[in-house]
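Trainee: got a predicted structure here, sequence first:
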Amino acid sequence: MWFDVPGFNICHVANGWDEEDVDGNRSVVVVAPNVLSIEQGFKRLDLFYGQMEMVRIDLDSGNTVTRKVLSRENLEFPVINSTYVGKKNRYVYATITDYVPRMTGVVKLDLEMAAKGGDVEQDCVVARRNWGAGCYGGEVFFVARDEEGRSNVEDDGYLVSYVHDESKNE
C-alpha cells in the first residue's frame, strides 16, 4: 500500500507501530519531526526546522490520514527506549535544534498527552535539559537501566550525549 501524506517531510523517525481501535479499525501511527522547510533545508541549514508530529494512517479506508503537532519547537534526532521500536510507546526524546547543526539541549515528550488532548493541539513536552550558554551537543542515545529485579519501565534509563563547551574548548 502507498499513502500520500502531503506536507509531511521526515528525515528521522522516532517510532511507528500498528494499532486497532475499539471498533476494529486498523491504523499505522508514525511519530517524527516534520521538516517544514525541506525545499531549502539542505541548501541552507539555518532554514532547517522540524516540529514533532504524530501521523495516523487508516489502513481500512486507505485514504484517511490525520496529523497532530506534538511540539512546535525545532526538534530533531528523536530516540526512544529501543525495547519499544515498532511497538506503541509513550516517551520520545529529541534534541533541541536552535540552529542546525548546533543542538542546545534535549526534551522529553509524552505521547499520552496527545491522546488526551483529542483533536486539540497540545504541547507534549514534559521535561527539558538545556546544555548551557555556548554548549552544543550531538544527538542523544537512550540506555535502558538493566538492574535485576526491577520492573520494565519505559523511561527508566539514561540519556547519553556528547556536549562541547565552546567557551572552554572542551
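Mentor: Received the coordinates, thanks.

Trainee: which residues touch residue 166?
Mentor: 134, 135, 136 (C-beta atoms under 8 Å, 6 or more residues apart in numbering). In short, each C-beta sits where N, CA and C put it, glycine included.

Trainee: for PyMOL, write the selection for the buried entries among these.
Mentor: Restricted to buried positions by 16 or more other C-beta atoms under 10 Å, the PyMOL selection for the contacts of residue 166 reads:
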select buried, resi 135+136
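
Trainee: other residues contacting stretch 105-112?
Mentor: Residues outside stretch 105-112 that contact it (C-beta under 8 Å, 6+ apart): 31, 52, 54, 70-71, 73, 75, 89-96, 124-131, 137, 140, 155, 159, 161.

Trainee: buried residues in it?
Mentor: In stretch 105-112, counting by 16+ other C-beta under 10 Å, buried: 105, 106, 107, 108, 109, 110, 111.

Trainee: show me what secondary structure element comes after the one helix or strand in the chain whose mean pLDDT sits lowest.
Mentor: Ranked by mean pLDDT, DSSP states H and E, the weakest helix or strand in the chain is helix 38-41, scoring a mean of 62. Sequence order places strand 50-58 as the next helix or strand after helix 38-41, per DSSP states H and E.

Trainee: show me what counts as buried in that following strand.
Mentor: Here strand 50-58 shows 50, 52, 53, 54, 55, 57, 58 as buried, counting by 16+ other C-beta under 10 Å.

Trainee: what about the fifth one, distance to residue 4?
Mentor: Note on residue 55: its distance to residue 4, by C-beta to C-beta, to the nearest Å, is 11 Å.
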